[in-house]
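Sequence and predicted structure are below.
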Amino acid sequence: MSGLLLGCIADDFTGATDLANNLVRAGMRTVQVNGVPAGEAPTGVDAIVVALKSRTIRPADAVAQSLAALRWLQAQGVEQVYFKYCSTFDSTPAGNIGPVADALLDALHGPGQGFSIACPAFPENQRTVFKGHLFVGDLLLSDSGMRHHPLTPMTDANLVRVLQAQARRKVGLVAQDVVQRGPAAIRERFAALQAEGVGLAVVDAISNEDLMRIGEALAGMPLVTAGSGIAIGLPQNWRARGLLPEGRRADALPAAGGAQAVLSGSCSTATHAQVADWRARGLPVFTIDPLALAHGERVVEAVLEWATPLLARGPVLVSATAEPAVVKAVQAELGAERAGTLVEEALSGIARGLVRAGVRQLVVAGGETSGAVVQALGVTRMAIGPQIDPGVPWTGVESPLCPGELLHLALKSGNFGSTDFFSKALRLLAGAGA
Ligand SMILES: Nc1ncnc2c1ncn2[C@@H]1O[C@H](COP(=O)(O)OP(=O)(O)O)[C@@H](O)[C@H]1O
Ligand SMILES: O=C(O)[C@@H](O)C(=O)COP(=O)(O)O
């Protein structure tokens, strides 16, 4: 038995580092592995996060990959399993949150059996759930920029309805007035819902205090499905049993070296502001046009010819970030999937070229984009370092493209981070040596 307490399955790579970051900050030694590993889990860790790129693939494939991750985590002896999805509940009417949650419950409890929660709340990043409705800041999810997402446009904020459209199990609600009353009241509501045949309960949470109350109520529940916020409430359960020491620092990384770069394949609202901020600072930026990629132009080569001489002088940004109208026009011509794949492949090729050219500090914006880049760099394991902004840590990785050297990577979720995130992240690393 490895002493592993929590085994996590994340449906994208930024989401995985977001979850790992919250666990590390709560004192759990956490390692992220990319894809389902073949061998044994590393020793000396309390939690392990398996990062998949399963958010937008076919539901059957997402289920198969998630079950493979579950089997591996079970073989490592984890006590509790955590299925991590986006704090904006990114999914399509076909999935993949519902189908994966159903499949994991089936595997853990038997077909149609068992019970779990669904809670994307992350109040520190302005994601709250009230009466089953998801808010992004002051806006309902359906009024937020997420309605324009290139792959998973979110047009309904009612999570009970959204999840019920995807899940086989009956979906219920634990409302905030119950959460407010504390762990015993929450557990009582879980039992009442189960008696009514509910298998998945959306749980309201509007503050970190709510997350702590819910976390306590989740002690011993075999499967938790949530965004990363719920993770801050789980470590207290192991601490209460003496399985986690108080006050352990779990986020140290060696100092960074090499050149700095930023890649952005995210079209989310926060990323727009971050790209604009970079431009406003007069820093170098190369914008990629998906139509040029579709026409077979040598975009990757052009970017690398542009970037290589600049790297010695400071960081560069390569961006595909575009306004909703521009994205729609590109998608009308190429289809959403092909446009996304073309951009992801180009940014992956650019990432490889940049690392070969000496980049050792790389920020990547966008979940799908990060998944593609991390896979292209051959990164299989990530050590979690200090937080840059809520939900985004620096990580330390090895890549076969720079053997024996540490590569610092920050995977930024589309809608996370302050306006000056890119320069702030690079400054933090250069200054502090993480
Ligand atoms: N200009 C563009 N036109 C069409 N699709 C784009 C464009 N720029 C990026 N994309 C695609 O949009 C998707 C953005 O998803 P993702 O990387 O997960 O970002 P986010 O984290 O903001 O959701 C990716 O598949 C990316 O390749
Ligand atoms: O929970 C979140 O919001 C993030 O961890 C996340 O998953 C974001 O995904 P992307 O916006 O696709 O980066």
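Noted; the coordinates are in hand. Ligands and ions are numbered 1, 2, ... in the order given.

Ramachandran angles for the residue in the chain that ligand 2 sits nearest to?
At 2.5 Å from ligand 2, residue 367 is the closest residue in the chain, using CB to the nearest ligand atom. C-beta: built from backbone N, CA, C; applies to glycine. Note on residue 367: backbone dihedrals following degrees, to the nearest 10 are phi -70, psi -50.

residues contacting it?
Contacts were defined as CB atoms under 8 Å, 6 or more residues apart in numbering; by that measure residue 367 touches 12-15, 55, 86, 90, 266, 411, 413-414.

Filter these to keep only those in contact with ligand 1.
Filtering the contacts of residue 367 for proximity to ligand 1 by CB under 6 Å from any ligand atom leaves 266, 413-414.

Outside of the lowest-mean-pLDDT helix or strand in the chain itself, list whatever touches it.
Within the chain, no helix or strand scores below helix 421-432, which has a mean of 87 by mean pLDDT, DSSP states H and E. Contacts to helix 421-432, defined as CB under 8 Å, 6+ apart, come from residues 256, 260, 262, 270, 274, 277-278, 281, 283, 315, 317, 361, 363, 365, 386, 388-389, 392, 394, 408, 410, 412, 418, 434.

could you show me where the helices are in the stretch 151-300 of the chain, in order?
Secondary structure of the stretch 151-300 of the chain (DSSP state H, counting those that start in this stretch): helices at 159-166, 176-180, 183-195, 208-217, 235-240, 269-280, 290-294, 299-310.

just those: most buried one?
helix 208-217 (a mean of 21; mean count of other CB atoms under 10 Å).

Is any residue of that helix near ligand 2?
No: judged by CB under 6 Å from any ligand atom, helix 208-217 and ligand 2 are separated, with a smallest distance of 13.4 Å.

is it true that residue 89 touches residue 162?
Yes: under the criterion of CB atoms under 8 Å, residue 89 makes contact with residue 162 at 6.3 Å.

In contact with the closest residue to ligand 1 within the stretch 101-250 of the chain, which residues are there?
Relative to ligand 1, the nearest point of the stretch 101-250 of the chain is residue 150 (3.8 Å; CB to the nearest ligand atom). By CB under 8 Å, 6+ apart, the contact set of residue 150 is 267, 327, 331, 336, 339-340.

ok, residue 111 - how many residues close by?
Neighbour count for residue 111, taken as other CB atoms under 10 Å: 10.

wait, is it part of a strand?
No: counting by DSSP: H, G, I helix; E, B strand; the rest coil, residue 111 is not part of a strand but coil.

burial of residue 123, as a residue count?
Residue 123 has 20 neighbours, counted by other CB under 10 Å.

ok, it to residue 387 distance?
From residue 123 across to residue 387, the span is 16 Å (CB to CB, to the nearest Å).

With residue 361 instead?
Residue 361 is 16 Å from residue 387, by CB to CB.

Look at these two and report which has more neighbours.
Per other CB under 10 Å, whichever of residue 361 and residue 387 has more neighbours is residue 361, with 23 against 17.

what about the helix or strand encompassing that one, near ligand 1?
Using DSSP states H and E, residue 361 maps to strand 359-365. No: Strand 359-365 does not reach ligand 1 (CB under 6 Å from any ligand atom); its nearest approach is 6.9 Å.

when you give positions from now on, start the count at 355
Yep, numbering from 355; the last one is strand 713-719 now.

Point out the residues in the stretch 455-604 of the chain that sit beside ligand 2.
Residues of the stretch 455-604 of the chain lying near ligand 2 (CB under 6 Å from any ligand atom): 581-582.

shaky segments in the stretch 455-604 of the chain?
Nowhere does the stretch 455-604 of the chain drop to pLDDT under 70.

Can you pull the residues of it lying near ligand 1?
Within the stretch 455-604 of the chain, the positions near ligand 1 by CB under 6 Å from any ligand atom are 503-505.

Now those in JSON lines, please, with extra columns for distance to residue 708.
Below are these laid out as JSON lines (distance: CB to CB, whole Å):
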{"residue": "503", "distance to residue 708": "27"}
{"residue": "504", "distance to residue 708": "24"}
{"residue": "505", "distance to residue 708": "25"}
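
In strands, which of those residues fall?
Using DSSP state E, no member of those sits in strands.

Tell me the secondary structure at the residue in the chain that ligand 1 sits nearest to.
Closest to ligand 1 within the chain is residue 768: 2.0 Å, counting by CB to the nearest ligand atom. With three-state DSSP as the basis, residue 768 sits in coil.

Can you tell me how far it is from residue 669?
Separation of residue 768 from residue 669 (CB to CB): 20 Å.

of the two, who's got more company?
A direct count of neighbours by other CB under 10 Å for residue 768 and residue 669 places residue 768 higher, at 30 against 24.

Leaving aside the residues adjacent along the chain, what's closest to the more buried one?
Excluding its sequence neighbours, the residue lying closest to residue 768 (CB to CB, 6 or more residues apart in numbering) is residue 622, at 3.0 Å.

what's near enough to touch the one you found?
499-500, 503, 720, 767-769.

before we move on, back to that, okay if I get the contacts of residue 721 as JSON lines plus distance to ligand 2, pLDDT and secondary structure?
Shown next, in JSON lines, are these (distance: CB to the nearest ligand atom, whole Å; pLDDT from 0 to 100; DSSP: H, G, I helix; E, B strand; the rest coil):
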{"residue": "366", "distance to ligand 2": "5", "pLDDT": "92", "secondary structure": "coil"}
{"residue": "367", "distance to ligand 2": "8", "pLDDT": "92", "secondary structure": "helix"}
{"residue": "368", "distance to ligand 2": "4", "pLDDT": "93", "secondary structure": "helix"}
{"residue": "369", "distance to ligand 2": "3", "pLDDT": "95", "secondary structure": "helix"}
{"residue": "409", "distance to ligand 2": "7", "pLDDT": "93", "secondary structure": "coil"}
{"residue": "440", "distance to ligand 2": "4", "pLDDT": "96", "secondary structure": "coil"}
{"residue": "444", "distance to ligand 2": "6", "pLDDT": "95", "secondary structure": "coil"}
{"residue": "620", "distance to ligand 2": "7", "pLDDT": "96", "secondary structure": "coil"}
{"residue": "765", "distance to ligand 2": "8", "pLDDT": "97", "secondary structure": "strand"}
{"residue": "767", "distance to ligand 2": "3", "pLDDT": "93", "secondary structure": "coil"}
{"residue": "768", "distance to ligand 2": "3", "pLDDT": "90", "secondary structure": "coil"}
